[in-house]
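S.K.: Build me a model from this:
(one chain, ligands or ions: 2)
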Amino acid sequence: MQYHDAKLLATAANTAQWPESNLTEIIFVGRSNAGKSTLINTLVNRKNLAYSGKTPGKTRLLNFFLVDQKVVFTDAPGYGYAIRDAEAAKKFSRLIDPYFKYREQLKGMVLVADARREPSKDDIAMIEYGRAAHLNIVIACTKADKLSRNQLLHNMKIIRETLGVNADCLIACSSIEKTGMDELWNKIDSMIGTDAE
Ligand SMILES: Nc1nc2c(ncn2[C@@H]2O[C@H](COP(=O)(O)OP(=O)(O)O)[C@@H](O)[C@H]2O)c(=O)[nH]1
Ligand SMILES: [Mg+2]
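M.R.: Numbering: from 1, shown residues only. Ligands and ions are numbered 1, 2, ... in the order given. The predicted structure follows:
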């Protein structure tokens, strides 16, 4: 297993609280329960960095993690309940919109999607955001261990078509079997110091 150095750099409710940094940032987004916290923890080989559980007060903010002194992972709040809650949706976009618009070092997006589910409207909207901001986009299809090989391939095809991305943007991931992590790191490494355009 690879060692990764990782620590929480900042927790931000607004632009003034974004950390000062010149490093490339990669935002992790996904619907609640897709496995985003677990994926971040598995990627950096830590049990509790991104708090797989719920940390009251912090789950609705942007959490910035400094990783290996070379990249910053930005953990965005999970979405999904927002559909039923207009106020939460407004809060989410107030938090996220300026980050996509003004954070110049933001270069990439990892969309975390449960491999067993079809992408939601929110997932599609996030991809469109990412494209508008000219980000490199990767789809991490989590919980691959819960599917047979055939089901996984079938579902990943649906995910790819629904989101309108190329097959090489998708990575099957499992935090149980620890699969997909090297591939995801390769994508992240290629985003570091690389402009999408
Ligand atoms: N079997 C399996 N379960 C997973 C995997 N990733 C996450 N989970 C489970 O899915 C649930 C939600 O994960 P969490 O990381 O908290 O999701 P988040 O809301 O997107 O941050 C938890 O019960 C995790 O243990 C995976 O790769 N395989
Ligand atoms: Mg989480």
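
S.K.: Burial check on Glu44, number of neighbours?
M.R.: No, residue 44 isn't Glu; it's Val. 21 (other CB atoms under 10 Å). Glycine gets a C-beta too; all of them are placed from N, C-alpha and C.

S.K.: That one and Tyr3 touch, don't they?
M.R.: No. Counting by CB atoms under 8 Å, Val44 stays clear of Tyr3, with 9.3 Å between them.

S.K.: hang on, Glu161 is in a strand, isn't it?
M.R.: No. Per DSSP: H, G, I helix; E, B strand; the rest coil, Glu161 lies outside any strand segment and is helix.

S.K.: Quick check: buried residues in the helix or strand bottoming out on mean pLDDT in the chain?
M.R.: Ranked by mean pLDDT, DSSP states H and E, the weakest helix or strand in the chain is helix 86-102, scoring a mean of 89. Residues 88, 92, 95-96, 99-100 are the ones in helix 86-102 that count as buried (16 or more other CB atoms under 10 Å).

S.K.: moving C-terminal of that helix, what's the next helix or strand?
M.R.: strand 106-114 (DSSP states H and E).

S.K.: Tell me the helices and strands packed up against the helix or strand following that following strand.
M.R.: Using DSSP H and E, the helix or strand that directly follows strand 106-114 along the chain is helix 121-132. Applying 3 or more CB pairs under 8 Å, 6 or more residues apart in numbering; DSSP states H and E, one finds that helix 121-132 contacts helix 86-102, strand 106-114, strand 136-142, helix 149-163.

S.K.: Recalculate using a threshold of 7 Å.
M.R.: strand 106-114, helix 149-163 (3 or more CB pairs under 7 Å, 6 or more residues apart in numbering; DSSP states H and E).

S.K.: contacts with ligand 1 among the buried residues of helix 86-102, please.
M.R.: Among the buried residues of helix 86-102, none lies close to ligand 1 by the criterion of CB under 6 Å from any ligand atom.

S.K.: Name the nearest of those relative to Tyr129.
M.R.: Nearest to Tyr129 out of the buried residues of helix 86-102 is Phe100 (CB to CB; 5.6 Å).

S.K.: So that closest one sits against Tyr129, correct?
M.R.: Yes. Phe100 lies in contact with Tyr129 (CB atoms under 7 Å); the separation is 5.6 Å.
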